[in-house]
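Model the structure of this input:
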Amino acid sequence: MSSALAIALTSVLALSTAAPSPVLPAPVRAAGEPATQLVLPRPTGPERIGTVSLHLVDRSRPDPWVSSERAREIMVQLWYPASDVRRHPRAPWVSPGVAERINPPGSPVILPVTHAYADAPVRPGRHPVVLYSPGFGLERTASTALVEELASRGYIVVTIDHTHDAQLVEFPGGRIATHAVPPPTGPDDDGEQVIDTAREARVADTRFTLDRLAAINRGHNPDEERRRLPRGLKGALDLARVGMFGHSLGGATAAETMHEDPRVRAGINLDGTLSGAVVAAGLRRPFALMSSDGHGRADDETWLAIWPRLRGPRYDLQLAGSGHMSFTDFQVLLPQIGIPAEDLVPGYGTIDGSRSITVQRAYVLAFFDRYLRNGNGHLLAGPSRRYPEMRFTP
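Residues are numbered from 1 along each chain as shown. Okay, the predicted model is just below:
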């Protein structure tokens, strides 16, 4: 296992497993003061957003982490441009059971509500599709601010919960699957097997999800409980235009999925150390490396190794002042609870959370617009006065 991968695994375990599963820290407030309502940044696109969650079961393979589970179960969530949101409630940031685990009743914190409307009908037309894989130990909701931005711009975004890798995954009926990745067995266990198993499971989850999306497009309902799908979803997914992005191990998952599956035409790795066959094989389709401040080809040998093997359009971008966890919603939520800025620096850097999301949204959108919609890609041509925080490494 490379030293860079070992360092990345250690930092991701330390940061991402601490974020979603324990109770949220309580904000400091005076007696009688109302609870703190957490808020996600509003998406800036013109489209209203709908969302629906699906329970998918792959009976061709067992769960990689729990041997008694003979079929692999995952939850995925579709975010899409909606035609009419009247009579549809705003969807919560996390499912009710997960919310109760991370923010118990009586907490002085109220979790965010998304800007998407549950089960709203899909706007007519065929929409490009973008898949999202979260960091190790994180849930599909971890980068909702980025996901909603893409949906507000006309994409159908599919976020994936990698069961038992994620801290908490709630299935219909309230059953919650918890993190079941084994801890290191001792000082000589560098975690390489865990990373390999997790990446392989995630790639299989993603490819299975693509298969089920194709079934939806044909008018089938792959949801295990056969819950009604939103009106207009059949035929709405343009599966000839599929992209993928992910954070940390999710970014490595995007790269490896592209290596194994030609259906994914373009991808973005948000600050993830790479692993798997793609590092040596490279890619011939568009791929972007987007890093936190201090991470890049100079100190990550997997990025250095893949760079000359990226034979399609390639980008090496770095967000100044950011940390590894800056590519998640927590960068804007934790300050709202009152956590001091200096306490956030190790994981989130010094960049303002809202500004960080603004810059990320611009570049993620520009990339997928360029390679899934034949956009002009002018923002990808080099440094921008409007977004000076984004550095380009040739």
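
which stretches of the stretch 201-350 of the chain form strands?
Under the criterion DSSP state E, counting those that start in this stretch, the stretch 201-350 of the chain contains strands at 237-247, 266-270, 287-292, 314-319.

Check which helices and strands the second one sits against.
The reference is to strand 266-270. Under the contact criterion of 3 or more Cβ pairs under 8 Å, 6 or more residues apart in numbering; DSSP states H and E, strand 266-270 touches strand 237-247, helix 249-260, strand 287-292, helix 353-372. Where C-beta positions appear, they are placed from N, C-alpha and C, glycine not excepted.

among those, which is the most enclosed?
Of all the helices and strands packed on strand 266-270, helix 249-260 has the most neighbours on average by mean count of other Cβ atoms under 10 Å, namely a mean of 28.

What mean pLDDT does it get?
In this model, helix 249-260 has an average pLDDT of 98.

Next: stretch 96-109.
93.

and that stretch, how far apart are its ends?
15 Å (Cα to Cα, to the nearest Å).

now stretch 363-383
OK, stretch 363-383 end separation, Cα to Cα: 11 Å.

Show residues contacting it.
128, 130, 146, 149-150, 153, 155, 241-243, 245, 265-266, 268, 285-286, 288, 290, 313, 315, 317, 362, 387, 390-392 (Cβ atoms under 8 Å, 6 or more residues apart in numbering).

Count the residues that sit near the residue nearest to residue 320 when sequence neighbours are not counted.
Closest residue to residue 320 apart from its sequence neighbours, by Cβ to Cβ, 6 or more residues apart in numbering: residue 389 at 4.6 Å. Around residue 389 sit 19 other residues, with neighbours defined as other Cβ atoms under 10 Å.

could you list every residue that touches residue 389?
Residue 389 touches 319-321, 351, 355-356, 359, counting by Cβ under 8 Å, 6+ apart.

how about a cut-off of 10 Å?
For residue 389, the contact set (Cβ atoms under 10 Å, 6 or more residues apart in numbering) comprises 293, 318-322, 351-352, 355-356, 358-360, 383.

Please apply the same query to residue 203.
Going by Cβ under 10 Å, 6+ apart, residue 203 touches 133, 252-261, 276, 278.

let's see it at 7 Å
With contact set as Cβ atoms under 7 Å, 6 or more residues apart in numbering, residue 203 has these partners: 253, 256-257, 260.

Roughly how far does it sit from residue 61?
Per Cβ to Cβ, to the nearest Å, residue 203 is found 12 Å from residue 61.

Rounded mean pLDDT for stretch 320-340, please.
97.

contacts for it?
Against stretch 320-340 from outside (Cβ under 7 Å, 6+ apart): 11, 15, 19, 24-25, 27-28, 36, 38-41, 109, 112, 142-145, 247-248, 270-271, 292-293, 319, 344, 346-351, 353-354, 356-357, 360, 389, 391.

buried subset of the residues you listed?
Neighbour-count burial (16 or more other Cβ atoms under 10 Å) is assigned, among the contacts of stretch 320-340, to 11, 15, 19, 24, 27, 36, 38, 40-41, 109, 112, 142-145, 247-248, 270-271, 292-293, 319, 344, 347-349, 351, 353, 356-357, 360, 389.

For stretch 191-205, what is the distance to the chain centroid?
Distance, stretch centre to chain centre, for stretch 191-205: 16 Å (Cα atoms, centre = their mean, to the nearest Å).

Then stretch 54-65?
Distance of stretch 54-65 from the chain centroid (Cα atoms, centre = their mean) equals 20 Å.

Need the residues that contact it.
With contacts defined as Cβ under 7 Å, 6+ apart, stretch 54-65 is touched by 69-76, 163-164, 171-172, 180-181, 197, 201, 204, 208-209, 212, 222-225.

Spatially central residue for the protein, please.
Residue closest to the mean C-alpha point of the chain, counted by Cα atoms, centre = their mean, is residue 134 at 3.7 Å.

Let me see the backbone angles for the residue nearest to residue 320.
Dihedral pair for residue 389: phi -70, psi -20, per degrees, to the nearest 10.

do residue 180 as well
With angles defined as degrees, to the nearest 10, residue 180 sits at phi -130, psi 20.

picking up where we left off before, export the helices and strands packed on strand 266-270 to CSV and tack on distance to residue 216?
Shown next, in CSV, are those (distance: least, Cβ to Cβ, whole Å):
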stretch, distance to residue 216
strand 237-247, 7
helix 249-260, 19
strand 287-292, 27
helix 353-372, 19
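
of all the ones you listed, which lies closest to residue 218?
Closest to residue 218 of these is strand 237-247 (Cβ to Cβ; 10.3 Å).

tell me which strands and helices that closest one is in contact with?
Packed against strand 237-247 by the contact rule (3 or more Cβ pairs under 7 Å, 6 or more residues apart in numbering; DSSP states H and E) you find strand 127-133, helix 192-217, helix 249-260, strand 266-270, helix 353-372.

Good, we can wrap up now.
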